[in-house]
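>>> My questions are about this predicted structure, shown below with the sequence.
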Amino acid sequence: MTKLKVGNIAPDFEAKNYLGQTVTLKEFKEKSQPIVLYFYPKDNSPVCTKESCEFRDKYQKFIEAGAEVIGVSSDGEDSHKSFVSKYSLPFTLLTDKHSKLAKLYGVNGILLPGRKTFIIDKHGIIAGIHDGLLSSTSHIDESLKIIEKLKSQI
């Protein structure tokens, strides 16, 4: 597995969201829409909840910049539904039960699943990467800055 870097083509993916609908990277490229794809270890854990709620609180800014936010963890659809409902998350969460997406994107942890965020531009090119298991929110503002920079390049 090659380590992904800024400037690489983001691997295409297909996964089910918490409603059982298939979501692909291709659909966002077809809409010329950048995405923030964040991998997190576990629904309802303190650090992951803080991270997801921070994305929720800044979600409108991402939308205004033309981007979509997508969370990914190995939790199942029922766990995601509960997590979305409990914290009023306005974005979709993808189920990655067998860590297929995590492996595809090089997201791994030693004791816990990894925490990594990819900013993918409208052409499917990785424009930013943040890697940090214990930093739950520091990358969110940085992700927004990258998205806003991409918007200004239109």
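Sure thing, it's come through.
>>> Who are the packing partners of the helix or strand bottoming out on mean pLDDT in the chain?
The weakest-scoring helix or strand in the chain, judged by mean pLDDT, DSSP states H and E, is helix 138-152 (a mean of 87). Counting contacts by 3 or more CB pairs under 8 Å, 6 or more residues apart in numbering; DSSP states H and E, helix 138-152 is packed against helix 46-64, strand 116-120, strand 126-131. Any C-beta I mention is one placed from the backbone N, CA and C, and that applies to glycine too.
>>> Identify each buried residue in the shortest one, please.
Buried positions in strand 116-120, judged by neighbour count with 16 or more other CB atoms under 10 Å: 116-120.
>>> just to revisit the earlier point, which residues touch the least confident helix or strand of the chain?
Helix 138-152 is contacted by residues 34, 36, 51, 54-55, 58, 61-62, 65-67, 117, 119, 121-122, 127-128, 130, 132 when judged by CB atoms under 8 Å, 6 or more residues apart in numbering.
>>> buried subset of those residues?
Buried among the contacts of helix 138-152 by 16+ other CB under 10 Å: 34, 36, 51, 54-55, 58, 62, 65-67, 117, 119, 121-122, 127-128, 130.
>>> Please state the offset of stretch 40-47 from the chain centre?
Centre-to-centre, stretch 40-47 and its host chain are 14 Å apart (CA atoms, centre = their mean, to the nearest Å).
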